[in-house]
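Return a 3D structure for these sequence lines:
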Amino acid sequence: MNEINKYVETHEKRFLEELFELIRIPSISSLPAHKPDMYRAAEKWKELLLAAGADKAIVMETDGNPVTYGEKIISPDAPTVMVYAHMDVMPVDPIELWNTNPFEPVVKDGKIWARGADDDKGQSFMHAKAFEYLVQSGQLECNVKFLIEGEEEVGSPNLPAFCEKHKDMLQADVILVSDTSMIARDVPSITTGLRGLAYWQVEVTGPNVDLHSGLFGGAVANPINVLSKMIAQTMDEDGKILIPGFYDDVLEVSEKEREMMAKAPFNLEYYKKALNIEEVAGEKGYTTNERTGIRPTFDVCGIWGGYTGEGAKTVLPSKAYAKISTRLVPNQKHKKIEKLFVDYFESIAPKSVKVKVEYLHGGPSYVCPIDLPAYKAAEKAYKEIYGKEPIPVRSGGSIPIIATFEEILGIKSVLMGFGLGSDAIHSPNENFPLEQFFNGIRTIPLFYKYFAEEMKK
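Coordinates of the predicted model:
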């Protein structure tokens with residue numbers, strides 16, 4: 001460890017200067033005006049990878065934003081690791097809430113403050129520098145490929161087709177990703193699962209026009225009342241989702257893994273106080289952390305209809321709307337859930353209304369087995385740097401492309417995140433602790449070392 005520590009200390013200033021050059025590019029994928037910045041970021045990544053020791057690095061086109069691909073092949077017999085990351089960032093609005101210029105990084109209070117400081121420029125940059133160290137020190141024992149995309153923040157719409165087209169180029173033994181978080185700065189964790197997603201918009205229509213609630217109320221169905229009742233029929237008092245077949249494919253988590261997950265520090269009273277709630281809710285028989293990680297959910301994300309302006313208007317509305325989502329766990333297929341929900345919601349609608357359900361988008365879930373060689377390598381690497389075995393964590397969020405990698409390329413991913421919950425990703429004043437940044441650069445080389453060892457077993 002003394003060697004990597006010395007390398008980091010010697011090059012600390014350069015590492016930050018290079019990262020800041022990348023951060024200064026406002027590569028906001030959701031805003032068409034920043035399309036040129038996506039190409040600037042892609043070219044910058046090409047430059048970074050070549051400088052770090054890649055044999056080749058190229059900017060490649062998709063039907064959307066570009067991808068930067070790089071590789072260093074040391075031997076056809078060596079295991080291959082593909083590093084996946086993204087160069088795009090979220091918009092910065094509301095800009096007035098930022099304490100600094102979001103695209104002019106500042107180091108203050110031991111943190112880098114900027115858009116992309118954590119998600120994902122800071123975390124992805126750690127991989128370039130860890131790779132550089134391994135090349136410079138002659139310790140690289142794996143072939144390494146880099147896939148840096150430009151559309152993660154808008155759902156990676158064009159990456160699946162890119163993967164299909166370039167299957168041979170992208171073959172690897174594992175995909176290594178740093179786009180997640182640790183439980184705390186002194187509590188390392190590995191994200192072993194990501195929930196999938198299915199999302200709909202529902203329209204319920206009653207009469208063909210808004211009606212006077214006094215003259216027609218009680219005789220004509222109120223779409224808002226009906227929609228509310230239908231939503232209530234989709235989950236019982238124990239938090240169980242009542243859509244027939246919804247749980248058929250749910251992958252149950254082993255008692256061993258649940259015990260390991262339970263080691264994560266969690267203060268229920270602090271959790272409730274922080275949210276200003278008196279009680280938590282959710283599926284009976286599961287803890288709060290399990291409810292947000294290993295169990296599926298059903299949520300109304302928005303509901304509207306009728307009169308919502310100031311004062312009173314006695315109206316029986318013609319239409320009511322809701323946006324509804326489910327978070328899905330491993331083995332649940334979002335396309336199957338899409339149809340199950342539509343069939344169920346239409347079946348419980350009374351004849352007094354018409355129901356239209358539109359599927360907006362979705363994505364598959366993902367799980368990384370804790371006995372995977374890559375997981376074991378990550379576990380050993382974290383333990384050596386942090387002095388503790390990392391805790392496996394099932395994230396409540398979604399990164400749909402991770403499951404897509406498995407579907408198209410047949411490759412598992414290991415999620416070695418170094419972010420913290422306090423990093424304010426996607427929000428004003430995004431930041432990344434320097435300690436985490438440099439610890440990432442120290443930890444990642446150990447992953448390669450232990451992964452090569454695990455693959456020889």
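
Only C-alpha atoms from now on, for both contacts and neighbour counts.
OK.

quick one: what helix or strand has residue 198 in it?
strand 196-205 (DSSP states H and E).

how much space between the residue nearest the centre of the chain and residue 180?
For the chain, residue 399 is the residue whose C-alpha lies nearest the centre (CA atoms, centre = their mean; 3.7 Å). From residue 399 across to residue 180, the span is 10 Å (CA to CA, to the nearest Å).

which residues do those two both contact?
The overlap between the contact sets of residue 399 and residue 180 (CA atoms under 8 Å, 6 or more residues apart in numbering) is empty.

so who does the nearest residue to residue 73 once chain neighbours are set aside touch?
Excluding the flanking residues, the one nearest residue 73 by CA to CA, 6 or more residues apart in numbering is residue 143, at 4.6 Å. Counting by CA under 8 Å, 6+ apart, residue 143 makes contact with 71, 72, 73, 74, 75, 78, 79, 80, 81.

give me the beta-bridge partners of residue 354?
residue 205 (DSSP bridges).

so it touches residue 207, yeah?
No: taking contacts as CA atoms under 8 Å, residue 354 lies outside contact range of residue 207: 9.5 Å.

who touches stretch 31-47?
Stretch 31-47 has contacts (CA under 8 Å, 6+ apart) with 22, 25-29, 57-59, 65-70, 87-88, 91, 148, 150.

From the chain's centroid, how far away is that stretch?
Here the centre of stretch 31-47 is set off from its chain's centre by 22 Å, with CA atoms, centre = their mean, to the nearest Å.

So which bits of it are buried?
Residues of stretch 31-47 classed as buried: 35, 37, 38, 39, 40, 41, 42, 43, 44, 45, 46 (neighbour count, 16 or more other CA atoms under 10 Å).

Show me those residues that map onto helices.
Per DSSP state H, helices hold the following members of these: 35, 37, 38, 39, 40, 41, 42, 43, 44, 45, 46.

Among those residues, which one sits closest to residue 315?
residue 35 (46.3 Å; CA to CA).

How is this structure divided into domains?
Annotated domains of the chain cover 2-194+365-456, 196-250+296-363 [automatic domain parsing].

what would those domains look like in a markdown table with distance to residue 259 and mean pLDDT?
Formatted as a markdown table, the domains of the chain follow (distance: least, CA to CA, whole Å; pLDDT from 0 to 100):
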| stretch | distance to residue 259 | mean pLDDT |
| --- | --- | --- |
| domain 2-194+365-456 | 10 | 96 |
| domain 196-250+296-363 | 18 | 96 |
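
most packed of these?
domain 2-194+365-456 (a mean of 20; mean count of other CA atoms under 10 Å).

if we can go back for a sec, what's in contact with the strand holding residue 198?
Contact partners of strand 196-205, identified using CA under 8 Å, 6+ apart, comprise 223-224, 227, 318-330, 332, 334-335, 337-338, 353-366, 397-400.

coming back round to it: can you put the buried residues of stretch 31-47 in TSV and add distance to residue 197?
TSV is the format used below for those (distance: CA to CA, whole Å):
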residue	distance to residue 197
35	28
37	30
38	27
39	30
40	32
41	29
42	29
43	33
44	33
45	31
46	33
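
Pretty sure residue 336 sits in a helix.
Yes: counting by DSSP: H, G, I helix; E, B strand; the rest coil, residue 336 is part of a helix.

For residue 198, see how far away it is.
Applying CA to CA to residue 336 and residue 198 gives a distance of 10 Å.

And residue 5, by the same measure?
Counting by CA to CA, the gap from residue 5 to residue 198 is 45 Å.

again with residue 55
Residue 55 is 41 Å from residue 198, by CA to CA.

Residue 155 now?
Going from residue 155 to residue 198 by CA to CA gives 13 Å.

Same check on residue 109?
Residue 109 is 40 Å from residue 198, by CA to CA.

quick one: residue 65 and residue 151 touch, right?
Yes: with contact defined as CA under 8 Å, residue 65 counts as touching residue 151 (6.4 Å).

shared neighbours, those two?
Joint contacts of residue 65 and residue 151 (CA under 8 Å, 6+ apart) are residue 29.

pLDDT score for residue 261?
You'll see residue 261 listed with a pLDDT of 86.

Check the one 5 residues further on too.
On the pLDDT scale, residue 266 is placed at 90.

Likewise for the one 10 residues further on?
Reading off the per-residue confidence, residue 276 sits at a pLDDT of 94.

For it, give its distance to residue 270.
10 Å.

next one: residue 163
From residue 163 across to residue 270, the span is 44 Å (CA to CA).

Quick check: chain neighbours aside, which residue is closest to residue 186?
Distance criterion CA to CA, 6+ apart; nearest residue to residue 186, sequence neighbours excluded, is residue 386 at 6.9 Å.

for that neighbour, phi and psi?
phi -100, psi -10 (degrees, to the nearest 10).

Now do the contacts for it.
186, 187, 188.

List the strands paired with the one helix or strand residue 146 maps to, with their directions.
For residue 146, the enclosing helix or strand under DSSP H and E is strand 143-149. Strand 143-149 pairs in its sheet with strand 67-72 (antiparallel), strand 80-86 (parallel), by DSSP bridges.

Is it possible to get TSV of those that adds distance to residue 101?
Formatted as TSV, the strands paired with strand 143-149 follow (distance: least, CA to CA, whole Å):
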stretch	distance to residue 101
strand 67-72	27
strand 80-86	21
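
what's the closest of the ones you listed to residue 404?
Residue 404 lies closest, by CA to CA, to one member of those: strand 80-86, at 12.6 Å.

Please, where are all the strands along the stretch 201-350 of the chain?
Along the stretch 201-350 of the chain, the segments classed as strands by DSSP state E, counting those that start in this stretch run 211-212, 297-305, 315-316, 319-328.
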